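Q: What would the 3D arrangement of this be:
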Amino acid sequence: MSVRDEFVPVEAGDWNFLLRPALADASFAKYCGLPAAEYPEGLIPVVSSPNAEVRRFFYQGMGYFLKEYFFLGWKKHLKVLRRGEHLACIASQLAEHGFLTPRVVGIGRSGTKRRVVTEAVEDALDVWQVLFPDFQQHRGDVDDGFVYALGYTIGNLHRCGFFHGDLRWRNVLTRLDQGEWKFYFIDNDRTQRFRLGLPLHRRVKNLSQFLFSGMLVAWPQAEWQVFLQGYFDASQLSPSLQGRLVAKVTATAQKRLEERRQEENR
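A: Reported below is the predicted structural model:
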């Protein structure tokens with residue numbers, strides 16, 4: 001069964017949407033296809049990049065995220081033609097392996113415009129909000145158990161063959177659920193699964209992305225070590241491979257930090 005079989009096609013003006021059956025009505029499709037200025041309760045800006053913009057909206061009391069991809073020429077546009085289907089597919093694969101990620105509920109197209117709608121994770125913070133040393137109101141909830149659980153979850157993600165395309169702190173959401181920390185992976189545009197095992201260089205890329213986020217805010221070295229303990233307990237790498245991995249990750253993140261500082265000083 002293809003991903004498209006899980007959705008229902010619905011037209012709304014210039015937009016053609018694939019929607020989850022529970023939301024497959026013209027009113028929701030029309031809502032998802034509105035210009036930003038016409039949303040009754042407004043679109044709340046979340047994050048923007050040269051490639052896309054993410055905004056949040058509410059529909060019948062439920063929160064959703066709408067990601068719109070900008071048209072940047074046909075060469076780049078070809079990469080996003082099936083981005084919605086990819087996000088829905090990778091979300092299903094993650095769920096099959098016990099990982100949490102917001103569910104894709106809508107995939108829309110109108111000419112060269114593309115939109116993807118996902119459910120919001122209520123009462124969640126991103127890891128940056130929790131680990132950033134200056135956020136004292138959240139730091140009070142952080143202990144070694146949180147950092148270890150975070151490392152263990154990412155180690156398990158890699159053990160199952162998943163590579164996250166952009167594993168910065170902001171792309172991991174967390175919330176405390178009945179005394180247990182839950183982690184949600186978002187921005188899965190480039191997430192993929194390697195069925196024969198995750199190559200070392202992919203591990204290095206993900207972990208250096210994560211460490212780089214920490215270096216930007218002087219993340220305590222002691223917490224990084226706790227994170228690594230959780231990661232290695234889950235990933236089941238040999239001691240020799242662990243040492244190689246840490247050395248490569250540290251060097252890669254440090255090089256990226258130096259490049260960032262050079263750019264800022266220009």
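Q: For the helix ranked longest in the chain, enumerate the helices and strands it packs against.
A: Longest helix in the chain by number of residues, with DSSP state H as the criterion: helix 239-264. Here helix 239-264 touches helix 200-215, going by 3 or more C-beta pairs under 8 Å, 6 or more residues apart in numbering; DSSP states H and E. (C-beta placed from N, C-alpha, C; glycine too.)
Q: And the average pLDDT for the helix it packs on is what?
A: The predicted model assigns helix 200-215 a mean pLDDT of 97.
Q: ok and that helix relative to helix 239-264, angle-wise?
A: Following axes from the mean of the first three to the mean of the last three C-alpha atoms, to 10 degrees, one obtains 50 degrees for the angle between helix 200-215 and helix 239-264.
Q: centre of the chain versus stretch 112-128, how much separation?
A: Centre-to-centre, stretch 112-128 and its host chain are 8 Å apart (C-alpha atoms, centre = their mean, to the nearest Å).
Q: To clarify, my last question referred to stretch 228-239.
A: Mean-position distance between stretch 228-239 and its chain equals 22 Å (C-alpha atoms, centre = their mean).
Q: What of stretch 167-186?
A: With C-alpha atoms, centre = their mean, you get 10 Å for stretch 167-186.
Q: Compute the first-to-last residue distance for that stretch.
A: Start-to-end span of stretch 167-186 (C-alpha to C-alpha, to the nearest Å) is 9 Å.
Q: what's in contact with that stretch?
A: 47, 94, 99-102, 121, 123-128, 130-132, 141, 145-146, 149-150, 153-154, 157, 164, 187, 191, 206-207, 209-210, 212-214 (C-beta atoms under 8 Å, 6 or more residues apart in numbering).
Q: which of the residues you listed count as buried?
A: Using 16 or more other C-beta atoms under 10 Å as the burial test, the contacts of stretch 167-186 include 94, 99-102, 121, 124-128, 130-132, 146, 149-150, 153-154, 157, 164, 187, 191, 206-207, 209-210, 212-214 as buried.
Q: What distance do you get for Gln129 to Phe212?
A: Between Gln129 and Phe212 the computed distance is 17 Å (C-beta to C-beta, to the nearest Å).
Q: before we move on, which element is Gly63 in?
A: Assessed by DSSP states H and E, Gly63 sits inside strand 62-69.
Q: typo on my end, Asp123
A: Using DSSP H and E, no helix or strand contains Asp123.
Q: sec struct for the nearest residue to it once chain neighbours are set aside, please.
A: Distances taken as C-beta to C-beta, 6 or more residues apart in numbering place Arg175 nearest to Asp123, at 5.4 Å, with adjacent residues excluded. Using DSSP: H, G, I helix; E, B strand; the rest coil, the structure places Arg175 in strand.
Q: ranges for the strands of the stretch 1-150 of the chain?
A: 8-12, 15-19, 44-48, 52-59, 62-69, 104-110, 113-119, 125-126 (DSSP state E, counting those that start in this stretch).
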